[in-house]
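Visitor: only the shape, not the letters, is given here:
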């Protein structure tokens, strides 16, 4: 869909006479969508089915629209671009209420060092206007694949309602998303093509300092200092800078600043010799005890394999060298031809995706049960009254019974994710299960546990939000021959 064929709509989806600016950005014609209002397009669908959608957009810093009698200036507010998506005037499902498209940022300059204190000075973060062609995804991160839209054959009206930020859009494409192949299939194709691993030499050992990404999704993703290990590296004047015990060296990136689904870091590098390489990250996840966090890897803007959709980084207090591996734990190899390439690491929920989605659905059902009971008892049930819950709240009790089984299953899946252990990740679920089981056994306890029931529903919401956090720290990335010896992640006691 050519975005310049737009129509503007009023809040009730009736036609509006408002016109929008159509102009060129970096040589591509686009329509400027304001930070408020509804813009629509007519879409002709050739065949009934499920479609994915991607948007070609430009995150400008400022755009001007001369209307003749007035001039409108659209300015970036440095936030993600959010839109609600409607098909024929209706939200197709809950997740379409907010779809987020990221901006692009970079360091304003190379790392500099204070002449007096000898401490590193963090560069300012500046927005980088670039063209991006991104699929519409669930902004909560509950689905690893792009959102699907069911469209029947014929003509439909696609509408974007602005929730935050203005943006220039060139085109909108409905397409069939190709699921990534597993690594075994890719490896077989490599063998058929005669691809081999590159030899171990200086040209095939590429080290990228993670604190200096080419692009990033958020201005909060800036370099930070680590004093925990003498092997943590930084870069200064294009040269790897050594550890310093008493000076500030901005030598890593991430942590709590890189933990929300959809946030990404992108690195561009040059390959001198074509062939198969392995990818290793010096990483540390020391914030969530007993928990793995996950990253999705994109190479040159594309999904590589099923295994790279959720690369796991286990908990540990020390730095670790994590090589991207397949399901069997064997190192994966990636083919790069000569020239410039890009790797992008994006926060994802990994194995927690289905768990959190199911927990959200369970919590929604328990809220339905709570409201049904609330209409009978009020906020504070009378402990001396016989409410006859089985008669007046039969629907609510059935929901509670069903969700007890659902939540028990979710608890077990969380345990399986964390090696079968009872951890702090399951304590909130266990408390709610105990309450639900007591209600199933004797519904009259609702009088005494109603407030507790409500509080634990709130606790589940907090638990979901906390589990969405996927912090990870990066020192550097190594793209190298599988024959090369990787650097040590940590030093011994006396070396430290």
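Guide: Cool, the structure landed. In this text, all values refer to a predicted model and were calculated from it rather than measured experimentally. Numbering: from 1, shown residues only.

Visitor: sticking with the nearest residue to residue 177 once chain neighbours are set aside, tell me its helix or strand.
Guide: The shortest distance from residue 177 to any non-neighbouring residue, by CB to CB, 6 or more residues apart in numbering, is to residue 52 (4.2 Å). Backbone N, C-alpha and C define where each C-beta goes, glycine included. Using DSSP states H and E, residue 52 sits within strand 49-58.

Visitor: gap between that strand and the chain center?
Guide: Centre-to-centre, strand 49-58 and its host chain are 18 Å apart (CA atoms, centre = their mean, to the nearest Å).

Visitor: tell me the mean pLDDT for the next helix or strand after it?
Guide: Downstream of strand 49-58, the first helix or strand assigned by DSSP H and E is strand 62-66. Per-residue pLDDT over strand 62-66 has a mean of 93.

Visitor: same for strand 62-66, what does it pack against?
Guide: Applying 3 or more CB pairs under 8 Å, 6 or more residues apart in numbering; DSSP states H and E, we find strand 62-66 packed against strand 22-25, strand 71-75.

Visitor: quick revisit: what about the residue nearest to residue 177, neighbour count?
Guide: 18 (other CB atoms under 10 Å).

Visitor: that one reaches residue 148, doesn't it?
Guide: Yes. Using CB atoms under 8 Å, residue 52 is in contact with residue 148, at 6.0 Å.

Visitor: so who does residue 121 touch?
Guide: Shown in contact with residue 121 (CB atoms under 8 Å, 6 or more residues apart in numbering): 111-114.

Visitor: at 10 Å what do you get?
Guide: The contact partners of residue 121, by CB atoms under 10 Å, 6 or more residues apart in numbering, come to 109, 111-114, 248, 250.

Visitor: kindly report the same for residue 93.
Guide: By CB under 10 Å, 6+ apart, the residues touching residue 93 are 85, 87, 138, 147-150.

Visitor: tell me which of the helices and strands packed on strand 62-66 sits most buried.
Guide: Counting by mean count of other CB atoms under 10 Å, strand 22-25 has the highest mean neighbour count of the helices and strands packed on strand 62-66, with a mean of 15.

Visitor: packing partners for that one?
Guide: Helices and strands touching strand 22-25, by 3 or more CB pairs under 10 Å, 6 or more residues apart in numbering; DSSP states H and E, are strand 28-33, strand 49-58, strand 62-66, strand 167-175.

Visitor: quick check: angle from the first one to strand 49-58?
Guide: Computed with axes from the mean of the first three to the mean of the last three CA atoms, to 10 degrees, the direction of strand 28-33 lies at 100 degrees from that of strand 49-58.

Visitor: can you confirm residue 361 is in a helix?
Guide: Yes. Counting by DSSP: H, G, I helix; E, B strand; the rest coil, residue 361 is found in a helix.

Visitor: low-confidence ranges in the chain?
Guide: Along the chain, the parts satisfying pLDDT under 70 run over 419-424, 492-496.

Visitor: the helices in it, which residues?
Guide: 183-193, 352-377, 389-392, 394-417, 424-441, 446-467 (DSSP state H).

Visitor: show me the two of the contacts of residue 121 that sit farthest apart.
Guide: Spatially, the most separated pair among the contacts of residue 121 is 109 and 248, at 17.1 Å (CB to CB).

Visitor: looking at these two, which one has more neighbours?
Guide: Taking neighbours as other CB under 10 Å, residue 109 and residue 248 compare with residue 248 leading, 18 against 10.

Visitor: is it true that that one touches residue 236?
Guide: No. Between residue 248 and residue 236 there is no contact under CB atoms under 10 Å: 11.9 Å.

Visitor: mind listing the shared neighbours of these two?
Guide: In terms of CB under 10 Å, 6+ apart, residue 248 and residue 236 are both contacted by the residues 113, 120.

Visitor: thinking again about what came up before, anything in contact with each of residue 52 and residue 148?
Guide: What both residue 52 and residue 148 touch, as defined by CB under 10 Å, 6+ apart, is the set 136, 176-177.

Visitor: residue ranges for the strands of the stretch 101-250 of the chain, please.
Guide: For the stretch 101-250 of the chain, applying DSSP state E, counting those that start in this stretch gives strands covering 105-107, 112-113, 120-121, 125-127, 131-135, 148-151, 154-164, 167-175, 206-209, 215-216, 223-225, 234-236, 239-241, 250-255.

Visitor: and the helices of the chain as JSON lines, adding distance to residue 160?
Guide: Output for these, formatted as JSON lines (distance: least, CB to CB, whole Å):
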{"stretch": "helix 183-193", "distance to residue 160": "36"}
{"stretch": "helix 352-377", "distance to residue 160": "25"}
{"stretch": "helix 389-392", "distance to residue 160": "45"}
{"stretch": "helix 394-417", "distance to residue 160": "35"}
{"stretch": "helix 424-441", "distance to residue 160": "37"}
{"stretch": "helix 446-467", "distance to residue 160": "27"}
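
Visitor: out of those helices, nearest to residue 267?
Guide: helix 183-193 (21.5 Å).
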